[in-house]
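Undergrad: Need a 3D model of the sequence below.
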Amino acid sequence: MAGHIIAVVGGKGGVGKSVFAANLAIAYLQNFKQRPLIMDLDLVSLGDQNIILGQNPPKTVVELSKLQFGNLEPKHLAPFMVNAPVGYSYIGAPKDAVVARDLDIDGLGKVLKSITSIFNWIVVDCGNGMEPHALKVLEYATAIFVVTTPDIIVVNQTKRVLTKIQELLFPNEMVQIVVNRFSPTSIINPQVIQKNLGRAVFASIPDDVATCDSSLAKNTPVCLAAPSAPITRAYFDLVRKIQQTNLLEGLSKLKKPSGVAAKATATATAHATASASGGPGARSSVAAIDPWTGMKLRIHKALVEQMDLKKMNTDTSDPKARLVLREKTQKTVLDILAQEDTSSLLSTRELKAQMVKEILDEALGLGPLEDLLADDEVTEIMVNARDQIYIEKAGKPQLCKTTFTSEHQMMNVIERIVTPLGRRVDEKVPYVDARLPDGSRVHVIIPPLALRGPTITIRKFPKKRPVVQDLINYGSITPEIGDFLRACVEAKLNIVVSGGTGSGKTTLLNVLSSFIPATERIITVEDSAELQLGQEHVVRLETRPKNIEGEGEVAIRDLIKCCLRMRPDRIVVGECRGGEALDMLQAMNTGHSGSLTTVHANNPRECIARLETLCMQAGLGLPPKAIRENIASAVNLIIQQSRLTDGTRKVMYVTEVTGMQGEVVSLQDIFIYKQEGLDKKRKILGRFVPTGFIPKFVEEMEAKGMKISRGLFSVK
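TA: Residues are numbered from 1 along each chain as shown. All right, here's what the predicted structure looks like:
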């Protein structure tokens, strides 16, 4: 059974947190006769724990963090650890602040992850708990004991520490308040502290200056130096309470955030960079909180304290449940607002309604992104940093006034996006592809890979399923080309849509898929389900990333092989970007005609080269000529889509793959878009023109009874 890490954090310097950490471990030892481990990670008050315990370890936690190991065993720890004769083990901190800077936080994480298999109780002195190395401990901790004293200033500082822990998404249940140096005659009693902090006090340690000073003079913890003193009995009562209430077993089941230490390191780096260079990073890191944002944060904090939204918001797929939850949350927000002085900031009913809406969006939805997602003119949302959001309208990016209040709020939004899909984003997997319920594509990347904080990119999907008339209205194609493409799909030609990022490939693929007769069985394969097919007989398959153990991945190649056994009339692959291209071509060549897919390329010729490269990634060692022959026999038509400099998206080429000439795949353009200049508003002028070439497959289409006007291909 795995052991438990108890992180001890001081609400303020001088509260006796190091003494508490040492005696907590000793009390456990004396009551349950099991060896605990004490680890000193207070890298500000260096060496305090050495004095309290009377130990002087030859090596420190810094050197241990740099140790390379597979599975951590006691023999690995031996050089870095003191085994005291009385029965506890101890790993100390360095005495030199310069040495302390060399602590390897990732290495520390590996030690913390493995050490619970050696010790049942690990008590870690974490200083103020807000440094990156301390946050790494909190990620692996079962419980966080925050030590405070009956002092107004200390209680106020403790409140700030608790707020920070909450902002970092650690569960409230993890945090246990301990009042140290408690005196029955003190005006500030545990009840007062409890009311000020808004949390129950778990235990109180009585004030006993004489006993504590005497034990420090002997370099011996109180629980060993004065075993019958009232302060020692208080420590014994504390560890018994932990054991009797099964506190640690219950807390070990909580879901805790990961990657917190990495985010803190990245933020600290951004602050340092901003201070040194005055660069744009400073804008994101040190922006002052305005009164509106400040009120929002206060109300949101109060809302979190009154409602456990994570437990209540269980069924996000049920519209009625979402509506009930929103109404209940709105009532709570209004009750909280009634206790605030809103006369100066929320002077009108409209401003109050806006405040309530923003808080509800942050608590239950995607925060400031909700309005952008609701705006039909916005086609892309690009969050570069919490206070820098760009949007795309009419094909042109522009800076948006909307911002997030904090990176913590951004991480909440990211969690709401990825969790329902069974995906995750943390220090181990710092990027993820996901989708919103409406099919919009989402890409997220977080620190340490993203230096300015979490970054979100959303490719919005139109609420109405695109049809061919929409493309004609946008000027992407002409009615004649639309009719021709419809005939090609109905004739079961294998079609590849080629184009760059954001050129409209998926939209065009959606339109082409709509031409498939409703009587045919369609199977779609995608990384992130985006296709919006109107037919009824559709099976949708979506890839799956690796789980937390690094297993369980299901790639597009696996799904294509699966769908070949599912009796498809049509196979639609959202995008070929790896070895699955070879599987797709083989499917096209083995009776699954009428297949559709997309590829990243700049023109039809490069599309062929791209397909060849992707086929090589399958790792079968096929010669280039064999791959080209496969492409030439499988693909009938390439449609090249591009985004032009004025933001418009056009079909630039409709090209037939005519076969092989020597060792080269031969292509023939059927329609092209010819640019003819710019108008006064810098919009591109041009027209679609046929090349005069009549595709070879037209005769096959006519043999099937389809009527294709030869005049469609005449040069005009």
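
Undergrad: Would you work out how far apart the start and end of stretch 124-143 are?
TA: Start to finish, the residues bounding stretch 124-143 are 11 Å apart (C-alpha to C-alpha, to the nearest Å).

Undergrad: Quick check: mean pLDDT of it?
TA: For stretch 124-143, the mean per-residue pLDDT is 88.

Undergrad: now do stretch 220-235
TA: 92.

Undergrad: How far off centre is it?
TA: 47 Å (C-alpha atoms, centre = their mean, to the nearest Å).

Undergrad: any idea what sits nearest Asn31, other than its immediate chain neighbours?
TA: Sequence neighbours aside, Val239 is the residue nearest to Asn31 in space, at 5.4 Å (criterion: C-beta to C-beta, 6 or more residues apart in numbering). Every C-beta, even on glycine, is put in place using the N, C-alpha and C of the backbone.

Undergrad: whoops, Val44 was the one
TA: According to C-beta to C-beta, 6+ apart, the nearest residue to Val44 is Gly127 (5.3 Å).

Undergrad: Now do the SS call for the spatially most central residue of the chain.
TA: With distances taken as C-alpha atoms, centre = their mean, the residue of the chain nearest its centroid is Val425 (3.5 Å). Counting by DSSP: H, G, I helix; E, B strand; the rest coil, the backbone at Val425 sits in coil.

Undergrad: any idea how far Ile38 is from Glu700?
TA: Counting by C-beta to C-beta, to the nearest Å, the gap from Glu700 to Ile38 is 81 Å.

Undergrad: all strands of the stretch 51-200 of the chain, in order?
TA: Remark: strands assigned in the stretch 51-200 of the chain by DSSP state E, counting those that start in this stretch are 82-83, 89-91, 121-125, 143-148, 175-182.

Undergrad: With Arg298 as the reference, name the closest of the ones you listed.
TA: For Arg298, the closest of the strands of the stretch 51-200 of the chain is strand 175-182, at 19.7 Å, according to C-beta to C-beta.

Undergrad: between the closest one and strand 143-148, how many degrees?
TA: Strand 175-182 runs at 30 degrees relative to strand 143-148, counting by axes from the mean of the first three to the mean of the last three C-alpha atoms, to 10 degrees.

Undergrad: Quick one: residues contacting the residue nearest to Val44.
TA: Shown in contact with Gly127 (C-beta atoms under 8 Å, 6 or more residues apart in numbering): Val9, Gly10, Lys17, Leu41, Asp42, Leu43, Val44, Ser45, Ala134.

Undergrad: so how many other residues sit close to the residue lying closest to Gln532 once chain neighbours are set aside?
TA: Excluding the flanking residues, the one nearest Gln532 by C-beta to C-beta, 6+ apart is Arg465, at 4.6 Å. Residue crowding around Arg465 was assessed by other C-beta atoms under 10 Å; the count is 15.

Undergrad: can you pull the pLDDT of Arg465?
TA: Reported pLDDT for Arg465: 78.

Undergrad: Assign it to helix, strand or coil.
TA: Arg465 is classified as coil under three-state DSSP.

Undergrad: burial count for Met660?
TA: Met660 - counted by other C-beta under 10 Å - has 15 other residues nearby.

Undergrad: On the three-state scheme, it is what?
TA: strand.

Undergrad: So that it lines up with my notes, have the first residue be 55 from now on.
TA: Noted, 55 is the first residue going forward, which turns the last one into Met714.

Undergrad: show me the contacts for it.
TA: Arg682, Glu683, Ala686, Ser720.
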